[in-house]
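# Quick one, fold the following:
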Amino acid sequence: MARKLPFDPIDEAARQWGRRWEAVPQMHAVTSLMRVQQLVLAQLDEILKPHGLTFARYEALVLLVFSRQGALPLGKMGERLQVHATSVTSIVDRLEAAGLVVRRRHPDDGRAVLAAITDAGREAVEKATADLVAARFALTSLTEDDLAELSDLLRPVRRDAGDF
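Predicted coordinates for the structure are as follows:
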């Protein structure tokens, strides 16, 4: 970890930004949001590392746990995880290599491939989830009210982007 700065670099960037351009609050907010995303994702990946998972792979396993059959077409996984098809393929490749999912042909559409969670995958989800919950998903600095407010603040951005 880099040594701590004696000032907030995002505040300084916003000060410099404001000397040249407009939209300082938006620049500050988006830069803060992106930095927090980096920090939280790094912490989540560290929590999941002992389970042989990254957060992206964990999300894919959880999606399969939530599905009725424990299996989904790769295309549907991409839609629901909101990632590109090549990302889903890579995620499933790694999960399959670890024995956490298997690929199989779709019973009704011979062209489609399903990713199906294995018993080992279900076990990994349970253990990893227990660790994430114990670590409060790396958001220990926020209260329950803060978390609800944060979700409410971000919902219009997601809605306007077409998430739902």
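# which residues are in contact with stretch 51-71?
Where contact means C-beta atoms under 8 Å, 6 or more residues apart in numbering, the residues beyond stretch 51-71 that reach it are 41, 44-45, 48, 72, 77, 80-81, 83, 87-88, 91-92, 94-95, 98, 100-101, 104, 114-117, 121-122, 124-125, 127-129, 131-132. Quick note: C-beta positions are derived from backbone N, CA and C, even for glycine.
# Could you check how many residues crowd around D119?
Using other C-beta atoms under 10 Å as the criterion, D119 is surrounded by 10 other residues.
# Please apply the same query to A85.
Using other C-beta under 10 Å, A85 has 12 other residues around it.
# so who does the closest residue to A85 other than its chain neighbours touch?
The spatial neighbour of A85 that comes closest, neighbours along the chain excluded (C-beta to C-beta, 6 or more residues apart in numbering), is G78 at 5.1 Å. Contact partners of G78, counting by C-beta under 8 Å, 6+ apart, are H84, A85, S87, V88.
# Most neighbours among these, which one is it?
Top of these by neighbour number is V88, holding 23 neighbours under the definition other C-beta under 10 Å.
# Name the next helix or strand downstream of the one helix or strand the residue nearest to A85 maps to, please.
Taking DSSP states H and E as the criterion, the element that holds G78 is helix 74-81. Next along the chain after helix 74-81, taking DSSP H and E as the criterion, comes helix 85-97.
# Longest helix in the chain, please.
Under DSSP state H, the helix in the chain containing the largest number of residues is helix 24-48.
# Report the next helix or strand after it in sequence order.
Next helix or strand after helix 24-48 toward the C-terminus (DSSP H and E): helix 55-66.
# For that following helix, which residues meet the burial criterion?
Applying a neighbour-count criterion of 16 or more other C-beta atoms under 10 Å, the buried positions in helix 55-66 are F55, A56, R57, Y58, E59, A60, L61, L63, L64.
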